[in-house]
Every structure is written in C-alpha cells, then in structure tokens.
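Peer 1: generate coordinates for the sequence data below:
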Amino acid sequence: MKMILRSLMMLVVGLLVAQMAKRFLQNLEAQKVKVKAKADTALKGTRLKLDPITGVYTPEA
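Peer 2: Predicted coordinates for the structure are as follows:
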C-alpha cells in the first residue's frame with residue numbers, strides 16, 4: 001500500500017514540476033519579446049538626414 005501511495009505522490013509531484021517548468025519558460029519568452037519591443041521603439045527617430053542645401057542634419061520623420 002505504501003508503495004502505491006509513494007508512486008502516486010511522485011507522479012503528482014512530477015506533473016506539478018513539469019507544469020511549473022513550462023510556465024517558467026513561457027515567462028522567459030514573454031520577457032524576451034518585451035525587451036525586443038522596447039529596444040525597437042527606443043531607436044525610433046534617432047536617424048538624422050542631411051539637408052544637401054544647408055548642410056544641417058535633421059531627424060527623419
């Protein structure tokens with residue numbers, strides 16, 4: 001009887017650990033996407049365009 005209970009407990013613990021690992025990996029992927037999105041928007045508007053007549057650099061639209 002003890003062997004059956006231990007086996008069932010180990011099965012439940014294994015399932016819970018697998019579910020937690022899956023959620024952890026999903027959260028890591030979500031954080032990577034957030035970092036990439038912030039990095040893309042941070043570079044927006046930093047390019048400069050040279051006006052050939054005046055020689056002045058102005059931000060691109």
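
Peer 1: check which helix or strand Leu5 maps to.
Peer 2: Using DSSP states H and E, Leu5 sits in helix 2-42.

Peer 1: what's the following helix or strand after that helix?
Peer 2: Toward the C-terminus from helix 2-42 - assigned by DSSP H and E - lies strand 48-50.

Peer 1: who touches that following strand?
Peer 2: Val56, Tyr57, Thr58, Pro59, Glu60 (C-beta atoms under 8 Å, 6 or more residues apart in numbering). Yep, even glycine has a C-beta here, placed from its N, CA and C like the rest.

Peer 1: so where is this protein shaky, pLDDT-wise?
Peer 2: For the chain, applying pLDDT under 70 flags the ranges 35-46, 61.

Peer 1: ok, back up a step: save the contacts of strand 48-50 as CSV, and put in neighbour count too.
Peer 2: Compiled in CSV, the contacts of strand 48-50 are given as follows (neighbours: other C-beta atoms under 10 Å):
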residue, neighbour count
Val56, 9
Tyr57, 11
Thr58, 10
Pro59, 9
Glu60, 10
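
Peer 1: so which elements touch the helix holding Leu5?
Peer 2: Here helix 2-42 touches no other helix or strand, going by 3 or more C-beta pairs under 8 Å, 6 or more residues apart in numbering; DSSP states H and E.

Peer 1: and it, how far from the chain's centre?
Peer 2: Taking C-alpha atoms, centre = their mean, to the nearest Å, the mean C-alpha location of helix 2-42 is offset from the chain mean by 14 Å.

Peer 1: nearest to Val33, out of the contacts of strand 48-50: which one, please.
Peer 2: Proximity to Val33 was ranked across the contacts of strand 48-50 by C-beta to C-beta; first place goes to Glu60, at 26.2 Å.

Peer 1: what about the closest one, distance to Leu28?
Peer 2: Per C-beta to C-beta, to the nearest Å, Glu60 is found 35 Å from Leu28.

Peer 1: filter the contacts of strand 48-50 down to just the ones in strands.
Peer 2: In strands, defined here by DSSP state E, the members of the contacts of strand 48-50 are Tyr57, Thr58, Pro59.

Peer 1: could you report the neighbour count for the nearest residue to the first one once chain neighbours are set aside?
Peer 2: By that I understand Tyr57. With sequence-adjacent residues excluded and distances taken as C-beta to C-beta, 6 or more residues apart in numbering, Tyr57 is closest to Leu48, at 4.1 Å. Neighbour count of Leu48, defined by other C-beta atoms under 10 Å: 10.
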